[in-house]
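Enquirer: just need the structure, nothing else, for what follows:
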Amino acid sequence: MNIIKTPIIPPRQQFAKVEAPHELDKKAICIFAATGFFLDTDTYFQNQKVLPPASENSMDENGMLLKSTPWFKWHYSPRNISFETALDEFTQLFETIVAEQANNRPVILPLSGGLDSRTQAVALHEQKAEVHSYSYSFAGGFKEHHISAQIAKTCNFRFQPFIIPPNYLWQVIDELANINGCYSEFTHPRQMAVLDDFKKMQGSFSLGHWGDVLFDRGVGKKEAHLPELEILYKKIIKKGGLALANKLWIQWGLEGSFEAYLKERLEALLNQIDIDHKGAKVRAFKSLYWAPRWTSVNLSVFEEAHPIHLPYYDNRMCAFICTLPEEYLADRKLQIAYIKQRSPKLAKIMWQAQKPYNLNNYHKNKAPGNLPYRISNKLQREGNALLGKKYIQRNWELQFLGMENDEQLQSYIFNPQFHSFVPKSVVTEFYNAFKTQDPVTYSHPVSMLLTLSVWYANNRP
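Expert: Okay, the predicted model is just below:
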């Protein structure tokens, strides 16, 4: 018998067999189509499951799951401590984790215009680590790497900018399918465009995933009055995803309605979380079911090049979060205070989410003070549009728009063999809606159809 203990937030999926028919789990696939990730322990097949987070799992020599027992449960037990004490504790814990993970070896640090990687940059700079940093921007999009370059320069890190080009997906789609098992749609992992460059670097990755969830309010102010189920339902359903899931549910002749099934699943999972505080409960749900099944899936791309470390995934960090008052986590207070205290120079660099403001003056990002920048930015985008320069904001725009992309896309989703799984009428409906109605809304369904087509070509039952 084999015992596998999973972390509180698993960085990779581990599969096990269960007693069930070896048949497609079409209900699970409908949820995947709607949200972009599989829920709970679901997979493509009924007799295969993913080991749950924070659990001890007994398996036989054939990989059959015998028993699964939780060893940690998310909770909300805020201590009566000052913000200064919380900041001191965070500083010590975070820098300890980062130092242990770096282990006096070279570190590869993805930098962005946000706070998670900037917080890592502070810790690594404090430790005088050897860091090779990089950032990427979309061709024709916001030059995020300009902010990252300033951070790297301030910390004396080596820095390498990447521009994600159009059409890269079709050269790497088979490799990506092999890496992530088609458990995520293909337009998100832009790191695939520079995987060969990653392999030339030296060191291990320090990745900032999930910091923005742990260190922010669990529920936004505008949705605080809503029930947890409604909040989560709205958050996980992608634009156009519900329409695709409903259509597949009907085409596959599944009992009841997709929406009722999804809400029933979500409510059952929520009821298992013994937390009364709404924000903390939603954060726990995301960490249990969203992080392992969406965020973690494409970490495997980084692992193709080098080992990965995730300071925000660390078990100690998750346990620490459960003991902090929600007000200290809200609005990124701890990370902002940490950066301002440890590195005032980094605090002065633009925060992309609050551009053109920084960590010292972002509270001014409201009308009328921010109107000059907003007007100037809009005029610049409109001017570029008149010159035929499209402003790229999303990866799918690089991979789905234009004649070359369209030919490649059609070759996958209009493959006759795929239509024995997803009827051609469904594919045609959503493809036409993407092309003629609303590409923003229907990019997700088209991307999911592409993902399912590649999966089905390699895994036909």
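
Enquirer: worst-scoring helix or strand of this protein, pLDDT-wise?
Expert: Here the helix or strand of the chain ranked lowest by mean pLDDT, DSSP states H and E is helix 371-386, holding a mean of 52.

Enquirer: next secondary structure after that helix?
Expert: Going down the chain from helix 371-386, the next helix or strand is helix 395-400, by DSSP states H and E.

Enquirer: contacting residues around that following helix?
Expert: Helix 395-400 is contacted from outside by 138-139, 164-170, 186-188, 190, 390, 392, 405-406, 409, 434, 439, 443, 446-447, using C-beta atoms under 8 Å, 6 or more residues apart in numbering. Yep, even glycine has a C-beta here, placed from its N, CA and C like the rest.

Enquirer: list the buried residues in it.
Expert: Asn395, Trp396, Glu397, Leu398, Gln399, Phe400 (16 or more other C-beta atoms under 10 Å).

Enquirer: same check on stretch 433-447?
Expert: Going by 16+ other C-beta under 10 Å, stretch 433-447 has these buried residues: Ala433, Phe434, Pro439, Tyr442, Ser443, His444, Pro445, Val446, Ser447.

Enquirer: now the end-to-end length of it.
Expert: 13 Å (C-alpha to C-alpha, to the nearest Å).

Enquirer: same question for stretch 288-302.
Expert: 22 Å.

Enquirer: and what of stretch 340-353?
Expert: End-to-end for stretch 340-353, by C-alpha to C-alpha: 17 Å.

Enquirer: now it: mean pLDDT?
Expert: What stretch 340-353 shows for mean pLDDT is 96.

Enquirer: same deal with stretch 160-180?
Expert: The model assigns stretch 160-180 a mean pLDDT of 92.

Enquirer: swap in stretch 219-226?
Expert: pLDDT averaged over stretch 219-226 gives 92.

Enquirer: gap between it and the chain center?
Expert: Stretch 219-226 sits 21 Å away from the centroid of its parent chain (C-alpha atoms, centre = their mean, to the nearest Å).

Enquirer: which parts of it are buried?
Expert: Applying 16+ other C-beta under 10 Å to stretch 219-226 flags Val219 as buried.

Enquirer: how long is it end to end?
Expert: 9 Å.

Enquirer: coming back round to it: in the buried residues of helix 395-400, find the pair that's most separated.
Expert: Asn395 and Phe400 (9.3 Å; C-beta to C-beta).

Enquirer: contacting residues around stretch 56-68?
Expert: With C-beta under 8 Å, 6+ apart, stretch 56-68 has contacts from 1-6, 15-19, 49, 51-52, 55, 69, 71.

Enquirer: okay, the nearest residue to Asn360 once chain neighbours are set aside and Lys333: tell me how far apart.
Expert: The spatially closest residue to Asn360, leaving aside those adjacent along the chain, is Ala347, at 5.7 Å (C-beta to C-beta, 6 or more residues apart in numbering). In this view, Ala347 and Lys333 are 13 Å apart by C-beta to C-beta, to the nearest Å.
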